[in-house]
Each structure stands twice: as structure tokens, then as C-alpha cells.
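> All I have is the shape, not the residue letters:
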């Protein structure tokens, strides 16, 4: 029997718009297949040993919460987070958690806030917020049975830009995505997946959830090949209905 250990970083501070639902989706889709799941909540001052975990999750937070955890991220857990990324641990990072892995955040009035620098990306604050449902297309998820379309909800004033080492998570069909300019959403580096999509992202998109679980199991078990299929008729009806509503 397989098992997966999940670390939820700063769950008490980074949990905007129901981001904890991503943890619930990972847990349930594992359990429905007989995969044991262990979840640890790690926050300010807690020891963080990335070797204990197969999936690490960072949710979204406002500027206030980001400032609270900044010192802990940079000076206590930072090296361990960077090591985990380079060692191909699976990460899902949403909105504020996505921004924190980058080099810096420059506020709309010019103040530059240092972030972890684990990923080659940076964020520029704007006075206008980018709010609404978003649909984007992920080429790596496309198959004979799946169109690769992902649906979420975004609410951010920061405009994020990717360096050459990173690939976008997807191409925006409707919405703003990273910055409302280049029509890309999110970022991928090694097994790190970043997105501005709240709402929560994974319950709305089981194909992406299963992709992350598959990556984690392949990293942990040399004999693992693929996940047992689930009946996702209900989830797909909801996803397709939302996509039609947003795209028109």
C-alpha cells in the first residue's frame, strides 16, 4: 500500500478564499484509492524537515500576512524550502505563496520587499486589482480524454513576471493570469506548481490534483506507474459548466 505525507505551510496565515480545500482534495482523492495520507500543519517557529514530506502546500495571503511570515520564510525555513525544490519535492503554491517563492515584491509606490528567491520570478504591485473567474489551458494535462482546461478564481493586485528558467502553468483563455499582459497563468519549475487561482483550485480540477499526486508517488515509489481511475462525472459536469459560464 502506498502512502503520502503532505505539509501545509502556514495554514493559520495563508488560507485565503478556501485555499485549504486543496489539501482536502489531495487527501480525499488519495483515500478513495486506498492511499494513506498524513498531513502536518507547520507554521511560525515550527521545525520544517522537507524530507518527511511528499507534497508541500503554500496558500494565499494578503500583504499583512506575508509580512508576518517573511522573517520565518527567509531566515528559518528558507534554505529547507530551496533544498526541497531542488530535490524535486512536489509543491503547490497559490497567490501569496506563489509570490513568496520569487525574488521580490515591489509595491505600487515603489517599496521593494525581499522574498525568498527560490524561483526566478518577481511581482510588481498595481493599484488596480485583477478579480474574477479565470480559465486557462495546460498543455501538460491534455490527453485523449481531457482538454487541459483549468478553472479558478483570481483576486490579486500583484503582477508577476517569469524569468527564463520558468515555464507558465498555462495559457489564459479568460481572465488576467500572472499580470494581465502576456496572457500566461502561474509557473512551473521542476515539480513546483504555482497559480493565482483560488476557489479552491484542486477540487474544481481533479485532473490537476491527480497530476500532483502522481508526481509525488513516482518520486517516492520506484514501482508506481499510475493512479486507479475514479468516477469523476460529477466533478467534470461542474468544471465544464463553470468553463461555459466564464468563457461564454
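Received, thanks. Quantities reported herein were computed from a predicted structural model and do not represent experimental measurements.
> Only the buried residues of the helix or strand of the chain with the lowest mean pLDDT, if you could.
Here the helix or strand of the chain ranked lowest by mean pLDDT, DSSP states H and E is helix 63-71, holding a mean of 76. Buried residues in helix 63-71, counted by 16 or more other CB atoms under 10 Å: 65-66, 68-70. Quick note: C-beta positions are derived from backbone N, CA and C, even for glycine.
> quick one: contacts for the closest residue to residue 168 other than its chain neighbours?
Leaving aside its chain neighbours, residue 168 sits nearest to residue 184 (3.6 Å; criterion: CB to CB, 6 or more residues apart in numbering). When contacts are counted by CB atoms under 8 Å, 6 or more residues apart in numbering, residue 184 touches 162, 168-172, 177-178.
> Rounded mean pLDDT for the helix or strand hosting residue 92, please.
Using DSSP states H and E, residue 92 falls within strand 90-94. Computed over strand 90-94, the mean pLDDT rounds to 97.
> So which elements touch the helix or strand just after that strand?
Next helix or strand after strand 90-94 toward the C-terminus (DSSP H and E): helix 96-100. Counting contacts by 3 or more CB pairs under 8 Å, 6 or more residues apart in numbering; DSSP states H and E, helix 96-100 packs against strand 55-58, helix 63-71, strand 149-162, strand 192-195.
> Let me see the residues that make contact with helix 96-100.
Taking contacts as CB under 8 Å, 6+ apart, the residues outside helix 96-100 that touch it are 9, 14, 16, 57-62, 65-66, 69, 73, 93, 105, 115-116, 123, 158, 160, 186-187, 194-196.
> of those residues, buried ones?
So, by 16+ other CB under 10 Å, the buried ones in these are 9, 14, 16, 57-61, 65-66, 69, 73, 93, 105, 115-116, 123, 158, 160, 186-187, 194-196.
> Report the contact partners of residue 59.
When contacts are counted by CB under 8 Å, 6+ apart, residue 59 touches 8, 10-11, 14-16, 19-20, 22, 94-97.
> how about 6 Å then?
By CB atoms under 6 Å, 6 or more residues apart in numbering, the contact set of residue 59 is 14-15, 19, 94, 97.
> Now it. Nearest residue, chain neighbours left out?
residue 19 (3.4 Å).
> since we're on that neighbour, how many residues are nearby?
27 (other CB atoms under 10 Å).
> What distance do you get for it to residue 241?
22 Å (CB to CB, to the nearest Å).
> Quick one: residues contacting residue 106.
112, 124.
> picking up where we left off before, which of the contacts of residue 184 are buried?
By 16+ other CB under 10 Å, the contacts of residue 184 give 162, 168-170, 172, 177-178 as buried.
> Measure how buried residue 183 is and give me the count.
For residue 183, the neighbour count with other CB under 10 Å is 16.
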